[in-house]
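[1] Take this sequence and fold it.
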Amino acid sequence: MVIETAETGHSASAGPLGAEELVLADRVARRLHAELSDLINALPTEARNATGLARHLGIDRTTCQRAVFVASRPYPGPELLTRVPGVRALAQLGDAAARAKPAAPADAVAAFAAAVTQFEHLIARCGGSLTRLIRRINATPSSTAVGSVSEGATGDGGAGSRRRLFEAAADLTGRSSQCWVAVYLYRPAPGSSGELELIRANGLIGHLARQDAVPLVFHNFSSKPHGEAAAAADVPGHIHALTSSHADGTPDAVIRPFTSFPLPLVSSSQPNEFLVQAIDENPSAEGRPVDLMFGTRTLIPHPALQTPPVEEAWALVNFPCRHLLFDVYLHRDLARRCIPSLDAHLWRPDFAQNIADRWQTRFASSPTLQLLGSGTRNAASPAWARHAELTAWLFDAARLTSSEFVGYRCSVEFPIWRAGYCVSFDFSPGDADAPHG
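    As a prediction, the model looks like this:
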């Protein structure tokens with residue numbers, strides 16, 4: 001257990017939190033806020049104020065006052081960790097909620113306890129004591145904004161609802177994943193001023209499935225359809241596997257270094273602008289998590305030549321996952337000529353054809369699009385330990401220099417099941433610099 005009031009000799013700097021530390025602090029604070037709110041709201045109405053909570057739980061009123069103050073207000077950012085009671089007091093609150101008459105639901109108590117444990121681990125990693133962690137948070141400029149590489153920033157305050165949707169969807173579909181991962185690379189197509197090349201890796205990390213689970217199918221698509229001619233090789237809109245090896249009969253769309261063994265059987269078809277991949281997992285994998293990662297490349301028309309002049313990169317949460325980690329890298333020649341944005345949409349079948357009607361499906365609140373900067377120095381993520389490794393592998397496989405690219409990130413904890421997260425790039429500005437096809 002961390003000793004909260006005394007220095008422990010931890011070697012962490014007493015200065016401001018670094019970028020990765022701030023990312024972690026934001027994730028921990030968001031979860032603690034959500035689980036504390038859920039726990040208090042699960043208690044009787046009369047126990048949801050400071051005096052009533054202290055009476056119902058039989059614990060110190062000061063602890064209850066601080067807990068109710070934090071839980072009853074919108075999430076303020078990592079500075080929340082400077083306002084909550086300490087680890088011991090929070091653990092005492094959770095234990096008391098489990099013993100109270102009536103008690104809080106067991107799942108709410110367990111989720112809160114897990115959040116408190118994460119808080120304890122954050123203290124050990126970034127402070128060594130709660131006092132030092134608070135000093136470091138207070139010394140961090142604009143900590144409430146979580147900086148340009150924040151993780152899990154949802155912007156909608158609905159983490160508890162999204163978590164409950166995840167649990168229900170996992171039960172209904174028989175499938176769930178620890179992380180939905182995608183990395184997209186856009187660059188001007190060699191030898192063509194009117195096209196871009198899109199290189200991508202996408203898949204599921206820590207995927208679990210029951211025997212009666214619904215089939216596992218991936219849909220990749222070109223943002224603009226190109227009719228029957230798109231079926232021909234090297235025609236814009238036709239999707240190719242990233243690698244060309246067919247060793248041992250393995251489909252070349254599978255990225256072996258990041259896919260569990262035995263490798264899955266992948267059946268692919270490409271109607272219109274879609275690449276449909278049906279995945280047959282190895283039967284021996286039932287009951288244990290597996291990783292599935294795929295790579296593709298395709299040519300698309302340059303967005304600046306299209307109407308409207310917008311490129312959209314989509315992440316469809318087709319199966320429930322605990323985290324969405326979606327990075328898009330633009331070659332710097334493209335990045336300086338467009339305006340990026342991020343929205344979350346209720347999914348519907350005609351998403352590829354109706355850009356002008358996006359307002360009809362857009363959720364009122366959307367995640368924050370995070371700027372990763374140039375290269376891959378900020379590619380790492382606590383959502384998946386190998387994410388930076390995958391990103392570097394993709395650049396190497398495509399024979400591209402990462403320092404020539406600018407990265408953007410959509411990172412959401414418990415993304416909305418059956419929602420589409422869309423990173424769009426508007427090329428309307430700078431028409432004078434647009435390519436001429």
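
[2] what about the strands in the protein?
    In the chain, the strands defined using DSSP state E lie at 175-176, 179-188, 195-209, 216-221, 239-241, 265-269, 274-280, 290-301, 310-316, 323-331, 339-346, 370-374, 405-413, 419-426.

[3] mind showing which ranges of the stretch 1-150 of the chain have poor pLDDT?
    1-14, 142-150 (pLDDT under 70).

[4] just to revisit the earlier point, and the strands of the chain, which one is worst for confidence?
    Mean pLDDT is lowest for strand 274-280 among the strands of the chain, at a mean of 49.

[5] For residue 72, which residues are in contact?
    residue 37 (C-beta atoms under 8 Å, 6 or more residues apart in numbering). Any C-beta I mention is one placed from the backbone N, CA and C, and that applies to glycine too.

[6] what's the spacing between it and residue 64?
    To residue 64, residue 72 is 12 Å away according to C-beta to C-beta, to the nearest Å.

[7] since we're on the closest residue to residue 87 other than its chain neighbours, how many residues are nearby?
    Once flanking residues are discounted, residue 87 sits nearest to residue 120: 4.8 Å by C-beta to C-beta, 6 or more residues apart in numbering. When counting by other C-beta atoms under 10 Å, one arrives at 20 neighbours for residue 120.

[8] if I look at residue 120, how far off is residue 90?
    Counting by C-beta to C-beta, the gap from residue 120 to residue 90 is 9 Å.

[9] thinking again about what came up before, what is in contact with residue 72 and residue 64 at once?
    What both residue 72 and residue 64 touch, as defined by C-beta under 8 Å, 6+ apart, is an empty set.

[10] hang on, the earlier thing: quick one: closest of the strands of the chain to residue 56.
    strand 405-413 (29.8 Å; C-beta to C-beta).

[11] then the closest one to PDB, C-alphas only?
    Extracted in PDB, the C-alpha atoms of strand 405-413 (Å, rounded to 0.1, in the frame of the first residue of the first chain):
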ATOM      1  CA  PHE A 405       4.300  12.400 -41.700                       C
ATOM      2  CA  VAL A 406       2.100  14.100 -39.100                       C
ATOM      3  CA  GLY A 407      -0.100  12.000 -36.800                       C
ATOM      4  CA  TYR A 408      -3.500  12.400 -35.400                       C
ATOM      5  CA  ARG A 409      -5.200  10.100 -32.800                       C
ATOM      6  CA  CYS A 410      -8.800   9.200 -31.900                       C
ATOM      7  CA  SER A 411      -8.600   7.400 -28.500                       C
ATOM      8  CA  VAL A 412     -11.800   6.400 -26.700                       C
ATOM      9  CA  GLU A 413     -12.300   4.200 -23.600                       C
END
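
[12] Pop the domain breakdown of this structure in here.
    19-145, 159-432 (automatic domain parsing).

[13] Now find how far off-centre the first one is within its chain.
    Yep, that's domain 19-145 we're talking about. In terms of C-alpha atoms, centre = their mean, to the nearest Å, the centre of domain 19-145 is found 23 Å from the chain centre.

[14] In contact with the residue nearest to residue 127 when sequence neighbours are not counted: list those residues for me.
    Distances taken as C-beta to C-beta, 6+ apart place residue 133 nearest to residue 127, at 3.1 Å, with adjacent residues excluded. Residue 133 makes contact with 81, 122, 123, 126, 127 under the criterion C-beta under 8 Å, 6+ apart.

[15] between those residues, which has the most around it?
    residue 127 (27 neighbours).

[16] Report whether the expected contact of it with residue 136 is present.
    Yes. Assessed by C-beta atoms under 8 Å, residue 127 is found in contact with residue 136 at 6.1 Å.

[17] Excluding chain neighbours, what is closest to residue 317?
    residue 415 (4.8 Å).

[18] so what's that neighbour up against?
    162, 180, 315, 317, 321, 323, 324, 421.

[19] Any of those buried? List them.
    When the contacts of residue 415 are checked for burial by 16 or more other C-beta atoms under 10 Å, the buried set is 162, 180, 315, 317, 321, 323, 324, 421.

[20] and the gap between the first one and residue 324?
    So the one you mean is residue 162. From residue 162 to residue 324 the distance is 10 Å (C-beta to C-beta).

[21] just the last one next, same as before
    From residue 421 across to residue 324, the span is 6 Å (C-beta to C-beta).

[22] So for those two, which residues contact both of them?
    Residues touching both residue 421 and residue 324 comprise 315, 317, 410, 412, 415, with contact defined as C-beta under 8 Å, 6+ apart.

[23] which of those residues lies closest to residue 29?
    residue 412 (15.9 Å).

[24] Show me what the closest one is bridged to.
    Beta-bridge partners for residue 412, by DSSP bridges, are residue 324.

[25] before we move on, what about residue 300?
    Going by DSSP bridges, residue 300 forms beta bridges with residue 196.

[26] Good, wrapping up.
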